[in-house]
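Student: Any chance you can model this:
(one chain, ligands or ions: 1)
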Amino acid sequence: MKQRIGIGFDVHRLEQGRRCILGGIELPHDRGPAGHSDGDAVLHAITDAVLGAAGLDDIGTLYPDDAPEWKDASSKRLLRGAMERVADAGYRVGNVDVVIATEGPRIAPYRAAMRESIAELLAVEPDAVNVKGKTLEGLGALAGGTGVAVQAVALLESI
Ligand code: MG
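Tutor: Residues are numbered from 1 along each chain as shown. Okay, here's the model as predicted:
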């Protein structure tokens, strides 16, 4: 069995009045990630990790942020499309691990729901998906709840 690893990273500004959708679920929060799509930085980072592992074009190339088709689109569509390309390239997901860095929303209460949501999109069991939240310790540009940064790593296995 051949294995390949990929990394993804994404940052989105959090704005008042936006739904807070991360990892494919809606979190109760007064701000949400701004973006051309629904702004789901978690799914965007995972999308780039699986595409990168398969040696495919990145999310910005496949889904340009000036394309009307992806305006306000659910990022689940982007990840599902990426997974079709990954399968066409002869791979399936082994596991993914994700770090969500933000001063809010709190991630811990929603970890289980997020893992299930992501696992369904990746066609793996929830135990093949790990998600953890990290605060910024009040430091840097993301402190004060103004944004969310996400890092994801994905392992692919040949089908
Ligand atoms: Mg993004």
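
Student: how far does stretch 20-36 stretch from start to finish?
Tutor: Its first and final residues considered, stretch 20-36 spans 14 Å by C-alpha to C-alpha, to the nearest Å.

Student: State the mean pLDDT of it.
Tutor: The average pLDDT within stretch 20-36 is 96.

Student: what comes up buried for that stretch?
Tutor: By neighbour count on 16 or more other C-beta atoms under 10 Å, the buried set for stretch 20-36 is 20-24, 27, 29, 31-33, 35. Every C-beta, even on glycine, is put in place using the N, C-alpha and C of the backbone.

Student: among the residues you listed, which two are most distant?
Tutor: Gly24 and Arg31 (18.2 Å; C-beta to C-beta).

Student: Can you tell me what sits against stretch 152-159?
Tutor: Stretch 152-159 is contacted from outside by 1-9, 42, 45-46, 48-50, 52-54, 86-87, 90-99, using C-beta atoms under 8 Å, 6 or more residues apart in numbering.

Student: Of those residues, which belong to strands?
Tutor: 3-9, 91-99 (DSSP state E).
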